[in-house]
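[1] Structure for this input, please:
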Amino acid sequence: MIEYLKVARIDHWLKNIFIVFGHAVAIVLVFDLDITASLIQAAALSLIPACLIASANYILNEILDAPFDRLHPTKKHRGIPAGKVKVPILWGIMAGLIVVGFGLALWWFPNPGYTIALGLLLFSGVVYNIPPVRLKDRAYLDVIAESFNNPIRLWLGWYALTDTLTPPPLSIMLAWWAFGGLLMTGKRYSEFRMIDDAELSGKYRKSFQVYTNKSLIIAMVTYANLFCFCSGWAISSYEPFNNLVFVFPLIILAVIAYFNHAMSEAGARLEPEQLLQNPWVVACTALTSIAAVGLLYAYKYGLFDAKAFLHTAQ
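    Numbers count the residues shown, from 1 in each chain. Got it, this is the predicted structure:
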């Protein structure tokens, strides 16, 4: 049974913590930072269907990727390539996860926006993995498609708490998408360097026939700049976010830590998901989150106004 759980990648459920960002945006813009027990309950429950659908996508991914995983230095030991699990049973588990996931979504969340977003999460796994579309094999489109899960998770968090079909601000959605693009390109870069064999990497993942070290670095820089631009757009457009301008130095520090780890010799030997577990990346991210919460509440209670402070400092 443990091998089937590995295919469902329960350890990757941590990625759904990005849904909390959608909760945070809703709490700031819709609820004015007034957090109630019902909001906390809805926020916690919103993670469960998303985790189940994510596991369904992981199972689909591993079934379809098994022939390619046999060419990978570490993924060849996964359940399907190594013959540790039976594919028909995996199809059954996948179907069960989808039924239960959508059943819980319809039961717990009256806002149809949540169920629609959950459907998009499942659909993104389909177009990413299944031929003839299989965006996973298309250079650059693979990152754009995979990182689209970030705005989907933003919507899941937003619609779990709100009663409107109006989406969160476009600037925030684009910033979160660009941030996902940065992380996914970092994964590609780490994996490309780990394989360190142009012919083998091209057989393992078709997009690697196009990518180079240089093109992946340029892509990471591009996504980082897009993230900063869209974040600045959001911060300047919504007064409750104005104070977050002083979080940017910490965000830049976190991005530098991520770049440094992804481009290091140690980073090249890591599985892509392990990049985010680096202590410096974790510490910078935690510090950024704490500072953001403090500055948001400082604005709410009139303790600090970044716009007024910057005008005074001119």
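[2] Can you list the buried residues in the helix or strand containing residue 282?
    Secondary structure assignment for residue 282, by DSSP states H and E: helix 279-300. By 16 or more other Cβ atoms under 10 Å, the buried positions in helix 279-300 come out as 281, 284-285, 288-289, 291-292, 295-296, 299. For every residue, glycine as well, the C-beta is placed using N, CA and C.
[3] With respect to pLDDT, which of those residues ranks lowest?
    In terms of pLDDT, the lowest of the buried residues of helix 279-300 is residue 281, showing 70.
[4] Test my guess that that residue contacts residue 253.
    No - with contact defined as Cβ atoms under 8 Å, residue 281 does not count as touching residue 253 (10.1 Å).
[5] follow-up on the earlier one: ok, the buried residues of helix 279-300 vs residue 261, which is closest?
    residue 281 (6.2 Å; Cβ to Cβ).
[6] measure that closest one to residue 294 for me?
    The spacing between residue 281 and residue 294, counted by Cβ to Cβ, to the nearest Å, is 21 Å.
[7] now do residue 256
    Taking Cβ to Cβ, one finds residue 256 at 22 Å from residue 294.
[8] Next: residue 127.
    From residue 127 to residue 294 the distance is 40 Å (Cβ to Cβ).
[9] One more: residue 47?
    From residue 47 over to residue 294 (counting by Cβ to Cβ), the distance is 25 Å.
[10] if we can go back for a sec, could you dump the buried residues of helix 279-300 into a markdown table and include distance to residue 100?
    Below are the buried residues of helix 279-300 laid out as a markdown table (distance: Cβ to Cβ, whole Å):
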| residue | distance to residue 100 |
| --- | --- |
| 281 | 33 |
| 284 | 36 |
| 285 | 31 |
| 288 | 35 |
| 289 | 31 |
| 291 | 38 |
| 292 | 34 |
| 295 | 39 |
| 296 | 35 |
| 299 | 41 |
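[11] from the residues you listed, which is closest to residue 107?
    Using Cβ to Cβ, the buried residues of helix 279-300 come closest to residue 107 at residue 289, 30.9 Å.
[12] what secondary structure does the residue lying closest to residue 4 once chain neighbours are set aside sit in?
    Distance criterion Cβ to Cβ, 6 or more residues apart in numbering; nearest residue to residue 4, sequence neighbours excluded, is residue 85 at 5.6 Å. The three-state label given to residue 85 by DSSP: H, G, I helix; E, B strand; the rest coil is coil.
[13] start at 819 instead
    Renumbered: residue one is now 819, and that last one reads residue 903.
[14] Burial check on the nearest residue to residue 1025 once chain neighbours are set aside, number of neighbours?
    Excluding the flanking residues, the one nearest residue 1025 by Cβ to Cβ, 6+ apart is residue 957, at 4.1 Å. Using other Cβ atoms under 10 Å, residue 957 is surrounded by 17 other residues.
[15] secondary structure class for residue 957?
    Going by three-state DSSP: residue 957 is coil.
[16] Quick check, it in contact with residue 1023.
    No - here residue 957 does not reach residue 1023: they are 9.5 Å apart, not a contact under Cβ under 8 Å.
[17] Next, show the common contact partners of these two.
    Residues within reach of residue 957 and of residue 1023 at once, by Cβ atoms under 8 Å, 6 or more residues apart in numbering: there are none.
[18] got the angle for the next helix or strand after the helix holding residue 1100 vs helix 1097-1118?
    Heading C-terminal from helix 1097-1118, the first helix or strand you meet, by DSSP H and E, is helix 1124-1131. Angle, helix 1124-1131 to helix 1097-1118, by axes from the mean of the first three to the mean of the last three Cα atoms, to 10 degrees: 90 degrees.
[19] what does helix 1124-1131 contact?
    Against helix 1124-1131 from outside (Cβ under 8 Å, 6+ apart): 1057, 1060-1064, 1113, 1117.
[20] Return the member of those residues nearest to residue 940.
    residue 1062 (32.5 Å).
[21] Could you grab the helix/strand/coil label for residue 853?
    coil.
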